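> Generate coordinates for the sequence data below:
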Amino acid sequence: MNTSLLFQDPAAFATPLLAIFAVDIATGKDDTPSPALLSTSDAIAHAAAPWLASGEFKAALGETLLLHSPNNIKPERLLIIGLGKAKSFSVHDVRKGAGVAVRFAKPRGIFDLAIAFPEDKALADEHLETLPCDRAARAIAEGALIANFDIDIYRSDRKDQAIRQVTVLANEKDSKSQAEIQHGVDEGVILGNAQNFARSLVNEPGNVLTPTELGKRTAAMAATYGLQCEVHSIDKILELKMGALAAVTQGSSEPPALIVMRYEPPVLPPADSPVLALVGKGITFDTGGISIKPAEHMDKMKYDMAGAAAMIGAMQAIAQLKPNVRVMSIVCSCENMPDGKAFKPGDVITAMSGKTIEILNTDAEGRLVLADGLHYAKTLGATHLINAATLTGAIGIALGMLNAGLFSNDDETTQHFLDIYPTAGEKFWRMPCTDDYREQIKSSIADIMNTGGSRYGGAITAAMFLKEFAGETPWIHLDIAGTAWIDDNKPWQSKGPSGVAVRSITEWVRSYSG
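Take a look at the predicted model:
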């Protein structure tokens, strides 16, 4: 999808569909909705006025009102999109609104549309401090690109409904604001494409996206965007004594992949500057191994590499945004399969760090591959660690499908992450990860067990396991199991892989840029 920006009155732009945003400016809980356009165009206001006054449209988030052949403006159709209450409005609603515009156009065969940049000065008695130019522009580009993604690429009767052109129209004369809007659109395109790349990886079936294929696609991306990339297989894994990763992969006929990406900023920071490591769980298909999963919903387990995909997508964005900080990414990828050679409950394995692990459940394999990935990152010089993984079903039980879990051993590192929410807009909730939980993973025959001694606090005990391998290095663990896959279509985004954490990880990295 091509995304462009023009500075002109949206009413004078010829397009098959012009999307314009509206908010409800009613303030009382029980007040009658009062929709108001986020536009200063008199022509658009006159075209929409009778319909806004009718009470038919209330400007609820995602609500739409379509006007055909509106009077005295050039667009063939005018699509008014609600963004909810003005008093609680945020830039993240703009992202959703842009997605609604694209999702509305796609099934109607409209492949070229325009989106009017929201103007807070259109509201006489309201000033939307939550609508800075650059963030709103970025949100429009991100929302449009994310909405253009669909999962049906293997259907033989698939109709190509991809939007080809989105034009952002900003009725803005101030040169400083124009520069901010252009900067925002440019960043939004980079991040939207990176998130979609991650989603495309997660969407691939396990027979297509093997660990080897994941390595190939990552290397191709790295070559395109100027990242250093190495892809190793079992010989290197054994040479490094990655006993945890080797144990998980031994039941599969598919060879594993150890993927190492590096980003060096154009101007190298001082030698004592942070070195950030992004570590991703890349289980391209997870049967559970000997502790095999139930058949129901096992097809979804192709998504068990969503943490790796988030890191790969983030590295694509980082390569283009060029923050002034050193970054590496370690992806440990393999399949978890039941086989005569597969690792078993009761086995004791030795991780790269030298810690011994008693295996209680082979379906707790993601933490094993991450254990070696985290330790390897430290040996390569990482000073700060972040990992992402579809690690536990327990996180969905704890937080539902709206927030992903965040665990950490360091408050300052966590605050860097939490501070980027206004920009990234993804939801994470910090969970406890204190030493008093360690008792639950103590083993009687090895250093630690790979699951807790009971079913309680499963997401926490998984995080405590990873904490053992982060050690004293500042570390964040993102458990995205509940949010990496969307089960139902939304007005602004298709069902399927969400690409969660790409934007947040990228912003976390940028927060360390000198």
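> For the helix or strand of the chain at the bottom of the mean pLDDT ranking, report the contacting residues that lie outside it.
Sorted by mean pLDDT, DSSP states H and E, the helices and strands of the chain end with helix 421-424, the least confident at a mean of 92. For helix 421-424, contacts defined as Cβ atoms under 8 Å, 6 or more residues apart in numbering pick out 91, 135, 138, 427-428, 503-504, 506-507. Backbone N, C-alpha and C define where each C-beta goes, glycine included.
> out of the residues you listed, which one sits closest to Gly400?
Lys427 (10.2 Å; Cβ to Cβ).
> Skipping its backbone neighbours, what lies nearest that closest one in space?
Leaving out its chain neighbours, the residue that sits closest to Lys427 by Cβ to Cβ, 6 or more residues apart in numbering is Asn403, at 4.5 Å.
> sorry, back to before: narrow the contacts of helix 421-424 to those in strands?
Secondary structure defined by DSSP state E assigns Phe428 of the contacts of helix 421-424 to strands.
> Just name the closest of the contacts of helix 421-424 to Ser177, please.
For the contacts of helix 421-424, the residue nearest Ser177 by Cβ to Cβ is Arg135; the value is 12.6 Å.
> tell me the pLDDT at that closest one?
pLDDT, Arg135: 96.
> quick one, helices of the stretch 251-400 of the chain?
Remark: helices assigned in the stretch 251-400 of the chain by DSSP state H, counting those that start in this stretch are 306-321, 366-379, 394-399.
> Output the contacts of helix 421-424 as TSV; include the columns distance to Arg155 and neighbour count.
Listed next are the contacts of helix 421-424 as TSV, based on distance: Cβ to Cβ, whole Å; neighbours: other Cβ atoms under 10 Å:
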residue	distance to Arg155	neighbour count
Val91	35	22
Arg135	36	22
Arg138	32	29
Lys427	31	15
Phe428	34	24
Arg503	29	27
Ser504	32	26
Thr506	32	30
Glu507	35	24
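> Now compare the contacts of helix 421-424 and name the two farthest from each other.
Arg138 and Phe428 (19.4 Å).
> I figured Ile153 hits Asn203, correct?
Yes: Ile153 lies in contact with Asn203 (Cβ atoms under 8 Å); the separation is 7.3 Å.
> Could you check which of these two has the larger neighbour count?
Just comparing Ile153 and Asn203: by other Cβ atoms under 10 Å the higher neighbour count belongs to Asn203, 23 against 10.
> For that one, give me its contacts.
Going by Cβ under 8 Å, 6+ apart, Asn203 touches 151, 153, 496-497.
> and the gap between it and Ala481?
In this structure, Asn203 and Ala481 are 17 Å apart, going by Cβ to Cβ, to the nearest Å.
> got it, and Ala114?
For Ala114, the distance to Ala481 - Cβ to Cβ - is 38 Å.
> One more: Ile25?
Separation of Ile25 from Ala481 (Cβ to Cβ) stands at 39 Å.
> Thr461 too?
According to Cβ to Cβ, Thr461 stands 14 Å off from Ala481.
> do the same with Arg138
28 Å.
> now do Asn361
According to Cβ to Cβ, Asn361 and Ala481 sit 15 Å apart.
> Mind checking which of these two has more residues around it?
Ala481 (26 against 14).
> quick one: low-confidence parts of the stretch 51-200 of the chain?
Where the stretch 51-200 of the chain drops to pLDDT under 70, the residues are 124-130.
> Now do the contacts for the nearest residue to Gly251 once chain neighbours are set aside.
Computed as Cβ to Cβ, 6+ apart, the closest residue to Gly251 that is not its neighbour in sequence is Ala342, at 2.7 Å. Listed by Cβ under 8 Å, 6+ apart, the contact set of Ala342 reads 250-251, 289-290, 362.
> Can I have the buried ones of those as a PyMOL selection?
Buried subset of these, written as a PyMOL selection, criterion 16 or more other Cβ atoms under 10 Å:
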select buried, resi 250+251+289+290+362
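> how about TSV for the contacts of Ala342, with pLDDT and distance to Ala389 added?
Output for these, formatted as TSV (pLDDT from 0 to 100; distance: Cβ to Cβ, whole Å):
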residue	pLDDT	distance to Ala389
Gln250	97	20
Gly251	97	20
Gly289	98	16
Ile290	98	21
Thr362	98	16
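> Now distance to Pro491 too, for the contacts of Ala342, in TSV please.
Output for the contacts of Ala342, formatted as TSV (distance: Cβ to Cβ, whole Å):
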residue	distance to Pro491
Gln250	45
Gly251	42
Gly289	39
Ile290	43
Thr362	40
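> Go through the contacts of Ala342 and say which is closest to Trp492.
Distances from Trp492 to the contacts of Ala342, taken as Cβ to Cβ, are shortest for Gly289 (37.3 Å).
> tell me the contacts of the closest one?
Gly289 touches 248, 251, 336-338, 342-343, 362-363, 365, counting by Cβ under 8 Å, 6+ apart.
> Also Glu254?
210-212, 284, 334-335.
> Also Glu468?
With contact taken as Cβ under 8 Å, 6+ apart, Glu468 is in contact with 355, 371, 441, 447-448.
> Just checking, which helix or strand succeeds the helix or strand that it is a member of along the chain?
Using DSSP states H and E, Glu468 falls within helix 458-470. Counting by DSSP H and E, the next helix or strand C-terminal to helix 458-470 is strand 475-479.
> So which elements touch that following strand?
Strand 475-479 sits against strand 384-389, strand 404-408, helix 411-418, helix 458-470, helix 502-510, with contacts defined as 3 or more Cβ pairs under 8 Å, 6 or more residues apart in numbering; DSSP states H and E.
> Kindly format the C-alpha coordinates of the third one as CSV.
Which is helix 411-418. Extracted in CSV, the C-alpha atoms of helix 411-418 (Å, rounded to 0.1, in the frame of the first residue of the first chain):
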residue,chain,number,x,y,z
ASP,A,411,12.5,-0.8,38.0
GLU,A,412,14.4,1.7,35.9
THR,A,413,14.4,-0.5,32.8
THR,A,414,10.7,-1.1,33.3
GLN,A,415,10.0,2.6,33.5
HIS,A,416,11.7,3.1,30.2
PHE,A,417,9.2,0.7,28.8
LEU,A,418,6.1,2.1,30.5
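> how much space between Trp508 and Phe428?
Plainly put, Trp508 is 11 Å away from Phe428 if you go by Cβ to Cβ.
> what sits in contact with each of these two?
By Cβ under 8 Å, 6+ apart, Trp508 and Phe428 have these common neighbours: Phe417.
> quick revisit: turn the contacts of helix 421-424 into TSV, including distance to Val231.
Formatted as TSV, the contacts of helix 421-424 follow (distance: Cβ to Cβ, whole Å):
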residue	distance to Val231
Val91	38
Arg135	36
Arg138	32
Lys427	33
Phe428	30
Arg503	26
Ser504	26
Thr506	22
Glu507	27
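> Thr287: what's it in contact with?
By Cβ under 8 Å, 6+ apart, the contact list for Thr287 reads 293, 298, 301, 335-338.
> Please enumerate the helices of the stretch 51-200 of the chain.
Ranges of helices in the stretch 51-200 of the chain, per DSSP H, counting those that start in this stretch, are 91-105, 133-147, 175-203.
> quick one: buried residues of the longest one?
Read it as helix 175-203. 177, 180-182, 184-203.
> ok and it relative to helix 502-510, angle-wise?
Interaxial angle, helix 175-203 versus helix 502-510 (axes from the mean of the first three to the mean of the last three Cα atoms, to 10 degrees): 120 degrees.
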